[in-house]
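[1] next one to model:
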Amino acid sequence: MLSGRLPEELIMDKLKGKLYLIPSSLGNSRLNSIIPEYNSIIINLLDEFIVENIRTARRFLKKTGFKKSFDNITFHILNKHSDQTEILSYLNSTDKGKDIGLLSEAGTPCIADPGAEIVRMAHQKNIRVIPLVGPSSIFLALMASGFNGQNFVFHGYLPVKKYLKINKIKTLEKDAKQKNQTQIFIETPYRNKQLLDSIIETCNKETLLCIACNITLENEFIITKTIAEWSKNPPDIHKKPTVFLL
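    Next up is the predicted model:
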């Protein structure tokens, strides 16, 4: 049963290239401890990538042992400044059977990271999407927090304005308690201290907060304490990539 699709359509789908979702490191960590060797094999088969920043993409590819000359590599830029009309063309090479890599700037593609639009386009074009294994600071933090891993929400960034941020933190704390639901969020590293101060000022002293900082790096720490305990000895997380969990 072909569900109304003609045999030649199915054959063409098989001839299309694939979209690989390629995780990168979360910082200056040893790749062999966080990226499987299989990823490097796949990466070396590709000569077209969708990336946030060409410079950092090249640096990561070099670390994986990428052997091809960058003069022969096609990079498509995907960030908040990308022209939407250009994005529509990023997967055109798959029609000719070429595989393309969607490379994250840090961690796992499409999770707190642009790329979902490209993946959605791939599904619409019947392109096979293949996620590769790699580090995600959000899921690594959740694993190590001791919090509920069956019921959780990732909120991304909280509001910058203090009164909105305070209201959001109150809502997150309420949901964490009433729904037994882990609340996960992040902040721009240079605003980490302000966010932590707001959490300590707002939350009940018995509420548990996990701070996961510099995940996969040599100076990584993932610690869960009560708000009262954190208030006595707040950590230095200024300008350090951090995940917060309530």
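[2] show residues contacting stretch 184-195.
    112, 138, 141-142, 152-158, 160, 165, 172, 237-245 (Cβ atoms under 8 Å, 6 or more residues apart in numbering). All C-beta spots, glycine's among them, are computed from the backbone N, C-alpha and C.
[3] next helix or strand past the helix or strand of the chain with the lowest mean pLDDT?
    Least confident helix or strand of the chain, by mean pLDDT, DSSP states H and E, is helix 7-15 with a mean of 54. Once the chain leaves helix 7-15, the next helix or strand it forms, by DSSP states H and E, is strand 19-22.
[4] run through this structure and note the low-pLDDT ranges.
    Applying pLDDT under 70 to the chain flags residues 1-14.
[5] can you give me the helices for it?
    7-15, 37-43, 54-63, 84-87, 116-124, 137-145, 162-178, 192-202, 227-232 (DSSP state H).
[6] just checking, what packs against the last one?
    Using 3 or more Cβ pairs under 8 Å, 6 or more residues apart in numbering; DSSP states H and E as the contact criterion, the elements in contact with helix 227-232 are helix 192-202, strand 208-213.
[7] for the last one, C-alpha coordinates in PDB please.
    Taking C-alpha atoms only, strand 208-213 is exported to PDB below (Å, rounded to 0.1, in the frame of the first residue of the first chain):
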ATOM      1  CA  LEU A 208      15.800  23.100  45.700                       C
ATOM      2  CA  LEU A 209      17.900  24.800  43.000                       C
ATOM      3  CA  CYS A 210      20.400  23.000  40.800                       C
ATOM      4  CA  ILE A 211      23.200  25.000  39.200                       C
ATOM      5  CA  ALA A 212      25.000  23.300  36.400                       C
ATOM      6  CA  CYS A 213      28.000  25.300  35.200                       C
END
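[8] partner strands of that strand and their direction?
    Strand 208-213 pairs in its sheet with strand 221-226 (antiparallel), strand 242-245 (antiparallel), by DSSP bridges.
[9] what's the most buried one of the ones you listed?
    Per-stretch averages of neighbours, counted by mean count of other Cβ atoms under 10 Å, single out strand 242-245 among the strands paired with strand 208-213, with a mean of 24.
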